[in-house]
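S.K.: No letters, just coordinates:
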């Protein structure tokens, strides 16, 4: 498959118009005319991911988080991003990012997260101007009210990583708002839309105060998006199989965080 052919497939699945203004998506490294027998999907670009692509003999890596963000000062080993860009270029590997456009798209990561939690009648929490049926976050209803603590436990079972919550664990939740990735910016929106609770990643200490009593469920960024990206890659695999192109999810974890070894 050519790089520009994959870009066309991604444009259908997650149009660039859905990306946030601050985001950087699309072709990061390489030529549009480049070709590959397969696409390696990863949450982030890391040296181990490039090594895995080279082991497979593949020339395309598709990441969720953009390598170039917000910009590169130089393409040299002086910075980790510059060094990775240089390594990929020297290996003839094209690097593409599908970030907030994939989060926002129908069938994208937010929809997959809502589906995993059994959210019904889910709509975007922040509808995209280009398509009100798409956008960041989702808000909808659970089939029946569920205690906040039980909901958090279910999230932990889906995405093991040490889920945290604020509020009374026995408080019933029916109307749930959620967002993949770092969704703290939508706390006010979730509260204004009368969510019983809001679930997202990368929450900070004072976000609990900002929520003004609305319970928060805090998740691990890599655990959630890594699992959802792998799930989405299955649909990409089915689409590219028609073109004779393979798709695989990188075996190496790209999360910069790890838990300390038990003592």
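M.R.: All right, it came through fine. All values derive from a computational prediction rather than experimental measurement. Residues are numbered from 1 along each chain as shown.

S.K.: Now for residue 179, how many residues are close by?
M.R.: 29 (other Cβ atoms under 10 Å). Just so you know, the C-beta spots here come from the backbone N, C-alpha and C atoms, and that holds for glycine as well.

S.K.: Secondary structure class of it, three-state.
M.R.: With DSSP: H, G, I helix; E, B strand; the rest coil as the basis, residue 179 sits in strand.

S.K.: did I read that right, residue 89 in a helix?
M.R.: Yes. Under three-state DSSP, residue 89 sits within a helix.

S.K.: So it is in contact with residue 27, correct?
M.R.: No. Between residue 89 and residue 27 there is no contact under Cβ atoms under 8 Å: 11.9 Å.

S.K.: List the strands paired with the lengthiest strand in the chain, with their directions.
M.R.: Ranked by residue count and defined by DSSP state E, the top strand of the chain is strand 131-147. Sheet partners assigned to strand 131-147 using DSSP bridges are listed as strand 120-128 (antiparallel), strand 172-182 (antiparallel).

S.K.: Quick one, which of those gets closest to residue 143.
M.R.: Proximity to residue 143 (Cβ to Cβ) singles out strand 120-128 among those, at 6.3 Å.

S.K.: how far out from the middle of the chain is the closest one?
M.R.: From the chain centre to the centre of strand 120-128 is a distance of 16 Å (Cα atoms, centre = their mean, to the nearest Å).

S.K.: Buried ones in that strand, by neighbour count?
M.R.: For strand 120-128, burial by neighbour count (16 or more other Cβ atoms under 10 Å) applies to 122, 124-126, 128.

S.K.: which other residues reach the very next helix or strand once past the longest strand of the chain?
M.R.: Per DSSP states H and E, the first helix or strand lying C-terminal to strand 131-147 is helix 148-158. Contact with helix 148-158 is made by 116-117, 142, 146, 162-165, 167-173, 176, 197, 199, 215, 217, 219, 227, as judged by Cβ atoms under 8 Å, 6 or more residues apart in numbering.

S.K.: For PyMOL, write the selection for the buried entries among those residues.
M.R.: Buried residues among these (16+ other Cβ under 10 Å), as a PyMOL selection:
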select buried, resi 116+117+142+146+163+165+167+173+176+197+199+215+217+219+227
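
S.K.: ok, back up a step: please render the buried residues of strand 120-128 as a markdown table that adds pLDDT and distance to residue 203 to the earlier fields.
M.R.: Below are the buried residues of strand 120-128 laid out as a markdown table (pLDDT from 0 to 100; distance: Cβ to Cβ, whole Å):
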| residue | pLDDT | distance to residue 203 |
| --- | --- | --- |
| 122 | 97 | 21 |
| 124 | 98 | 20 |
| 125 | 98 | 15 |
| 126 | 97 | 17 |
| 128 | 95 | 23 |
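
S.K.: Name the nearest residue to residue 202, ignoring sequence neighbours.
M.R.: Spatial nearest neighbour of residue 202, chain neighbours left out: residue 182 (4.0 Å); criterion: Cβ to Cβ, 6 or more residues apart in numbering.

S.K.: Report the contact partners of the one you found.
M.R.: Taking Cβ under 8 Å, 6+ apart, one finds 200-202, 221 in contact with residue 182.

S.K.: if you set the cut-off to 10 Å instead, what comes out?
M.R.: 200-204, 221, 225 (Cβ atoms under 10 Å, 6 or more residues apart in numbering).

S.K.: between these, which is nearest residue 59?
M.R.: Residue 59 has its nearest neighbour among those in residue 225, at 24.4 Å by Cβ to Cβ.

S.K.: all strands of the stretch 151-263 of the chain, in order?
M.R.: With DSSP state E, counting those that start in this stretch as the criterion, the stretch 151-263 of the chain has strands at 164-165, 172-182, 197-201, 216-219, 246-249.
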